[in-house]
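Q: Structure, please.
(2 chains)
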There are 2 protein chains.
Amino acid sequence: MSIKVIKGGVTQPKRFLANAVASGIKRSGKLDLALIYSETPAVSAAVFTKNSVKAAPLLVSQKHLLNHKAQAIVVNSGNANCFTGRFGMIYAERTTELIGKLLRIPKQDVIVSSTGIIGKPLPYVKILNAAHALVQGLSKTGATKAATAIMTTDTKLKEITVQVNLGGKKIIIGGCAKGSGMIAPNMATMLAFITTDAAISAKMLKQALQKATELSFNRITVDGCISTNDMAVIMANGQAQNEPITHPGKSFDIFCNALNLVCLDLAKKIVLDGEGATKFIEVIVSEARSEKQAKNIGLAIANSPLVKTAAYGNNPNWGRVAAAAGSLGIRKVCEENLKIKFSPFDKKHIKIMVDLNLGQHQATVYTSDLSYEYVRINVAYT
Amino acid sequence: MSIKVIKGGVTQPKRFLANAVASGIKRSGKLDLALIYSETPAVSAAVFTKNSVKAAPLLVSQKHLLNHKAQAIVVNSGNANCFTGRFGMIYAERTTELIGKLLRIPKQDVIVSSTGIIGKPLPYVKILNAAHALVQGLSKTGATKAATAIMTTDTKLKEITVQVNLGGKKIIIGGCAKGSGMIAPNMATMLAFITTDAAISAKMLKQALQKATELSFNRITVDGCISTNDMAVIMANGQAQNEPITHPGKSFDIFCNALNLVCLDLAKKIVLDGEGATKFIEVIVSEARSEKQAKNIGLAIANSPLVKTAAYGNNPNWGRVAAAAGSLGIRKVCEENLKIKFSPFDKKHIKIMVDLNLGQHQATVYTSDLSYEYVRINVAYT
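A: Reported below is the predicted structural model:
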């Protein structure tokens, strides 16, 4: 039942290692190449951006995940390898080959991910030169290094680890993420990498990740943009020796609750690290006809620059909230039915509560305010 | 054939009068109550906001337009009369009754419109006290006064008048609008009022206005919000004595071209008066499968805060444009097909050209950049 938050990151579950190096892709000389590795084969699942413009590493990873297995995730920051043509695909492929060879695993079991500037060729030679040290340095203490290496405009490291009991066995889920406000400037990306030592079938793992994503990463928005590189990946290596989860039921629910907590925590950290964000805003839409309706109206409110600037200005302007709610043109979302309430508005964490009076469904969406700083960051970035 | 832009506004067409007074709704003491009047009965058409939260004056005007006739438009600024409950409806109704009585026309022939703060009771008594002077002062020179009275956060007056020949008769279309960036703070509104002395059937007038709106007011966006009070109204009193336009054909096309020019000019003036706007951005999406697809992708690009801040920063960032184009998730809008070009980016008027390579349709969408000033205005407003 009880989920315990413990210290550590993606190397906390059994038999996971991680490392990161500064390969030189980032001119600053900061860590920019991360590797997360399971010493034993793992089942794996992922969700990818819905943007029709997809970066090369996503296309390669999608292909590699067709067998629902993975043993390593290699991630570079500083370059998105997006809109990079034929060579973008070749370099993404080669990266998986290279890491696979050094780890002595098939390239199909290596997931590749990138974040950074769009449209610049990936300096593959830097990955080639750094790969040996990256693999050599894999260790049980490398989680935070890996979580650091995936950061771009992020100002804060994003990690969490939880522990639950599953039929007498202790299972651990660790995760790290990057993203400052759903997207960072220049469409740098929302990424999440999750590891667990739970034993779970590929099918149930995929379901669990989709559910958790829907309630977390799909419920945050800073400026309504969807990046070309967004992805969330989970590897489950079964080393906790629990009775494998192969069907819905109590064990699956416990696992899902724990995974939801991991994803929601990471999602909230992304919002809180939003570009120029000074406030965390929770938009709770209730009494909707469906959960989807509640979510869509929540996102319309959370995406409204007028609502977000009002929040920044400590101005609980329900006219703007009502107009945003109505902007989807859903006929009965109107003056007669809408009820709008605010938590005290001069706090760091505020709640906007909207009752639609149309049904019994609810959804919560998370966002940040819109400040001068958002404009400054996005103007300055080149 | 040739459309001539001439001086003047809504009183330029024959037998139209206008006036405005300071009724006191605006605390500043500025003009805030406008009246546009045709001395003879006119056919009329209107388009209203698609927001499901509709202000009281829209609901009343929709009802009054069921007979496709109108002779007067009364507009107040400083109060949106939106989310004002039963009394909002009563006061909107009463305003039309009052003006109707003073003009000796049925209240059904009076259109009412409001713009300003949402959720504050309309101070109807101020309209009551000012109505007599408003009607008394109607004159052939009142157009600019009326165009001034409908302004809220607008920094510039928006008027245009054009003249065309229709079968040997000179017909005139005059218009005024308000709106600083599709919407002004607190959801103050996009309004357009158009007069013409052309003789045209109600059905053709409605068609012409819908077309013109689709190509102008529906193609501009500053922050993606749709106001609760948006409306565009046209009155055509037939005093030009042209052969009435009752069906599609050459005369109708000439009329439509002239009306398109009026609406597009007003729409562009709204964008240029956008909150904190320093640039006018034209997004031209070509080679789309349909005009609707071109328009939707254009709006996605024009609404992207990342594209808009890049424009403000003189940064022709095609990665952001590509990602915005892809954000709708249309499968073939992808790296292989997209071609993106920019006009020189350090100018006041810039063009973003996107070829989808999917078909033969095109649409142009207009927007402005996103500056610090936008945030300042929308934070400061209460």
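
Q: buried ones in the longest strand along chain A?
A: Longest strand in chain A by number of residues (criterion: DSSP state E): strand A:33-48. Neighbour counts using 16 or more other C-beta atoms under 10 Å in any protein chain shown place A:33-38, A:42-48 of strand A:33-48 among the buried residues. Every residue, glycine included, has its C-beta placed from N, CA and C.

Q: Stretch A:83-99 too?
A: For stretch A:83-99, by 16+ other C-beta under 10 Å, it's A:Phe83, A:Thr84, A:Gly88, A:Met89, A:Tyr91, A:Ala92, A:Glu93, A:Arg94, A:Thr95, A:Thr96, A:Leu98, A:Ile99.

Q: now what about the helix or strand in which the last one is found, what contacts it?
A: Right, A:Ile99. A:Ile99 is part of helix A:85-103 when elements are defined by DSSP states H and E. If you take C-beta atoms under 8 Å, 6 or more residues apart in numbering or on different chains as the criterion, helix A:85-103 is touched by A:35, A:37, A:55-57, A:59-60, A:64, A:71-72, A:74, A:76, A:81-82, A:84, A:106-112, A:114, A:121-122, A:124, A:127-128, A:131-132, A:134-135, B:335.

Q: mind running it again at 7 Å?
A: When contacts are defined by C-beta atoms under 7 Å, 6 or more residues apart in numbering or on different chains, helix A:85-103 is touched by residues A:35, A:37, A:56-57, A:59-60, A:64, A:72, A:74, A:81, A:106-107, A:109-110, A:112, A:121-122, A:124, A:127-128, A:131-132, A:135.

Q: follow-up on the earlier one: if you look at the longest strand of chain A, does any of it touch chain B?
A: No: using C-beta under 7 Å from any C-beta of the partner chain, strand A:33-48 never reaches chain B; the gap is at least 11.3 Å.

Q: now that strand against helix A:85-103, angle please.
A: On the basis of axes from the mean of the first three to the mean of the last three C-alpha atoms, to 10 degrees, strand A:33-48 is oriented at 120 degrees to helix A:85-103.

Q: returning to what we had before: nearest to chain B among the buried residues of stretch A:83-99?
A: The closest of those to chain B turns out to be A:Phe83 (C-beta to the nearest C-beta; 5.3 Å).

Q: Go over the secondary structure and confirm the closest one is in a strand.
A: No: using DSSP: H, G, I helix; E, B strand; the rest coil, the secondary structure at A:Phe83 is coil, not a strand.

Q: Run through chain A and note the low-pLDDT ranges.
A: Low-confidence segments of chain A (pLDDT under 70): A:1, A:181-188, A:222-225, A:275, A:374-382.

Q: Show residues contacting the longest helix anywhere in it.
A: When chain A is parsed with DSSP state H, its longest helix is helix A:250-272. Outside of helix A:250-272, the residues within contact range by C-beta under 7 Å, 6+ apart are A:3, A:156, A:158, A:160, A:162, A:164, A:166-167, A:173, A:175, A:177, A:179-182, A:190, A:192, A:194, A:198, A:200, A:204, A:208, A:211-213, A:215-217, A:219-220, A:222, A:243, A:245, A:280, A:366-368.

Q: Stretch A:16-23 too?
A: For stretch A:16-23, contacts defined as C-beta under 7 Å, 6+ apart pick out A:10-11, A:29-39, A:126-127, A:129-130, A:133-134, A:137-140, A:142-143, A:145-146, A:148-149, A:195.

Q: Also stretch A:197-211?
A: A:13-15, A:43, A:45, A:47, A:68, A:166, A:171-172, A:232, A:234, A:236-242, A:244-246, A:252, A:255-256, A:259.

Q: Narrow those to those in helices?
A: A:Phe252, A:Phe255, A:Cys256, A:Leu259.

Q: Most neighbours of all those residues, which one?
A: Looking at those with neighbours defined as other C-beta atoms under 10 Å in any protein chain shown, the largest count falls to A:Leu259 at 29 neighbours.

Q: Could you tell me how far stretch A:39-47 lies from the centre of the chain?
A: Here stretch A:39-47 is found 17 Å from its chain centre; the criterion is C-alpha atoms, centre = their mean, to the nearest Å.

Q: Any chance of TSV for the buried residues of stretch A:83-99, columns distance to B:Pro344?
A: Formatted as TSV, these follow (distance: C-beta to C-beta, whole Å):
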residue	distance to B:Pro344
A:Phe83	22
A:Thr84	26
A:Gly88	28
A:Met89	33
A:Tyr91	33
A:Ala92	34
A:Glu93	38
A:Arg94	38
A:Thr95	37
A:Thr96	41
A:Leu98	42
A:Ile99	43
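
Q: what are the ranges of the strands in chain A?
A: A:4-6, A:16-21, A:33-48, A:69-79, A:110-117, A:159-166, A:169-178, A:191-196, A:220-221, A:231-236, A:280-288, A:339-342, A:349-355, A:361-368.

Q: Each with direction, which strands does the third one pair with?
A: This points to strand A:33-48. strand A:16-21 (antiparallel), strand A:69-79 (antiparallel), strand A:231-236 (antiparallel) (DSSP bridges).

Q: any idea which of those strands is most buried?
A: strand A:231-236 (a mean of 28; mean count of other C-beta atoms under 10 Å in any protein chain shown).

Q: okay, now the domains of chain A?
A: A:4-272, A:280-380 (automatic domain parsing).

Q: Reformat the ones you listed as CSV; add distance to B:Leu272.
A: Supplementary listing: the domains of chain A in CSV, determined by distance: least, C-beta to C-beta, whole Å:
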stretch, distance to B:Leu272
domain A:4-272, 23
domain A:280-380, 19
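
Q: partners of the residue minimising distance to the centre of chain A in the sheet?
A: Chain A has A:Ala192 as the residue nearest its centroid, 3.8 Å off, counting by C-alpha atoms, centre = their mean. Using DSSP bridges, the beta-bridge partners of A:Ala192 come out as A:Ala177, A:Ala232.

Q: Wait, it touches A:Gly174, no?
A: No: contact status for A:Ala192 versus A:Gly174: not in contact, 11.3 Å apart, counting by C-beta atoms under 7 Å.

Q: what's the spacing between A:Pro322 and B:Val53?
A: To be clear, residue A:322 is Ala; Pro isn't right here. 5 Å (C-beta to C-beta, to the nearest Å).

Q: And for A:Leu209?
A: 37 Å.
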